[in-house]
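Enquirer: this one's structure only:
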């Protein structure tokens, strides 16, 4: 009841209708009205709650989110994504964890159990990525769009980090360093999108 009253009060203060807020969330006009008056659904979806909190400028806890229980722990794998022609991968064994602030994890769109940290090897993505950089990979994002982005991919037995975009005849893979060797012309498996880069100070 407190959450439903909070939404009603915040909407009235902002001078916006519940129907308009529902449309903002990509829902039907009656979505929030039903939640506020009937308690249906019983709990707001996490994405809806986050968007409403950002719109009203209030913490998510005011709309029912539980307080953060510490950082998100992301496994660090014993593999390196080559920025060069590709490094053969024998196995993907977890050798530790990286603690990522939950606020940052939310902004990056990360989910528990669907992210990993790997190390960069080689210089074919220089100067953006350098040898030894650690990358946070969102393993849910495996469908590059036309604009593309940085992705960890597997070609044969080689793991690489490259710039990948969707082309007319399939995925187009390129390196940032013009001196880099060409990428093998073989089937590509997308492991995930690079969403964060960690580098030790030199």
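Expert: In hand now; what should we look at? Only a predicted model underlies this, so the values are computations on that prediction, with no experimental measurement involved.
Enquirer: where do the strands of the protein begin and end?
Expert: Counting by DSSP state E, the chain has strands at residues 72-82, 87-88, 94-100, 115-121, 134-138, 149-155, 158-167, 170-174, 188-198.
Enquirer: of the ones you listed, which approaches residue 106 most closely?
Expert: Closest of the strands of the chain to residue 106 is strand 72-82, at 9.0 Å (criterion: C-beta to C-beta). Where you see a C-beta, it was placed from the backbone N, CA and C, and this is true even at glycine.
Enquirer: pLDDT on the closest one, on average?
Expert: Taken as a whole, strand 72-82 has a mean pLDDT of 74.
Enquirer: rewinding a little: mean pLDDT lowest where, among the strands of the chain?
Expert: Here the strands of the chain differ in mean pLDDT, and the lowest is strand 87-88 at a mean of 42.
Enquirer: returning to that earlier point: got the strands of the chain as a markdown table, with distance to residue 55 columns?
Expert: What follows is the strands of the chain, written out as a markdown table (distance: least, C-beta to C-beta, whole Å):
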| stretch | distance to residue 55 |
| --- | --- |
| strand 72-82 | 24 |
| strand 87-88 | 45 |
| strand 94-100 | 25 |
| strand 115-121 | 26 |
| strand 134-138 | 24 |
| strand 149-155 | 27 |
| strand 158-167 | 32 |
| strand 170-174 | 36 |
| strand 188-198 | 23 |
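Enquirer: mind putting the ones you listed in CSV, mean neighbour count and distance to residue 49 included?
Expert: Below are those laid out as CSV (neighbours: other C-beta atoms under 10 Å; distance: least, C-beta to C-beta, whole Å):
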stretch, mean neighbour count, distance to residue 49
strand 72-82, 20, 18
strand 87-88, 14, 41
strand 94-100, 13, 20
strand 115-121, 22, 21
strand 134-138, 21, 21
strand 149-155, 20, 27
strand 158-167, 20, 32
strand 170-174, 16, 35
strand 188-198, 18, 21
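Enquirer: need the residues that contact the lengthiest helix in the chain.
Expert: Counting residues, the longest helix found in the chain (DSSP state H) is helix 2-14. Contact partners of helix 2-14, identified using C-beta atoms under 8 Å, 6 or more residues apart in numbering, comprise 17-18, 21, 32, 35-37, 39, 44, 52, 55-56, 58, 62-64.
Enquirer: brilliant, that's me finished.
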